[in-house]
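Peer 1: Okay, here's the prediction I keep looking at, along with the sequence it came from:
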Amino acid sequence: MGRIMGLDFGSKTVGVALSDPMHLIASPLETIKRDKENKLRPTLRRLEELAETQEVELVVLGHPLNMDGTAGERALKTEAFREQLSYRLMGLGREIPVILWDERLSTMSADEILEETGVEQGSRKQYIDKIAAALILEDYMKNGMEN
């Protein structure tokens, strides 16, 4: 059984989380920093490397819908990123689906977790995206996986 990768896609960073092989635990892995919003090749390359080395079988990409459920500019950029990532992962020689998962409030929840654990405001930036990715993945494993 392969792992599931969770992603929190942003304009400056991409938070990455991985499940364990049994799909029980979501763990923050890393934050990929992006130089420019439109420069995606290094990000896609790193995600492809992780998918291969970590034996990923599914990618859950946080879909930042508006609170009313509509798709704004950030959601549309995430949907375009999904298409690029799906295409890139096809090069690994096995099908790795990339699904969108509602991520409303995941970053706010990650910030609350960091505050509750005593992480200083100035230090949170280095953790928040990968924790948000873990929360997205955890929510998918709890509420989205078919039993």
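Peer 2: Good, I have the coordinates. Bear in mind that the values here come from a model prediction, so they are computed numbers and not experimental data.
Peer 1: For the chain, name the helix or strand with the lowest mean pLDDT.
Peer 2: Of all helical and strand segments in the chain, the minimum by mean pLDDT, DSSP states H and E falls on helix 106-116, at a mean of 67.
Peer 1: Would you mark the buried spots in the following helix or strand past it?
Peer 2: Beyond helix 106-116 on the C-terminal side, the first helix or strand identified by DSSP states H and E is helix 125-143. Using 16 or more other Cβ atoms under 10 Å as the test for burial, helix 125-143 gives 127-141. Quick note: C-beta positions are derived from backbone N, CA and C, even for glycine.
Peer 1: Show me which of those residues is closest to S11.
Peer 2: Each of these was scored against S11 by Cβ to Cβ, and D129 proved nearest at 11.2 Å.
Peer 1: isn't that closest one right next to E30, touching?
Peer 2: No: because the distance of 9.1 Å does not satisfy Cβ atoms under 8 Å, D129 is recorded as not touching E30.
Peer 1: And the helices in this protein, which stretches?
Peer 2: Taking DSSP state H as the criterion, the chain contains helices spanning 41-53, 73-90, 106-116, 125-143.
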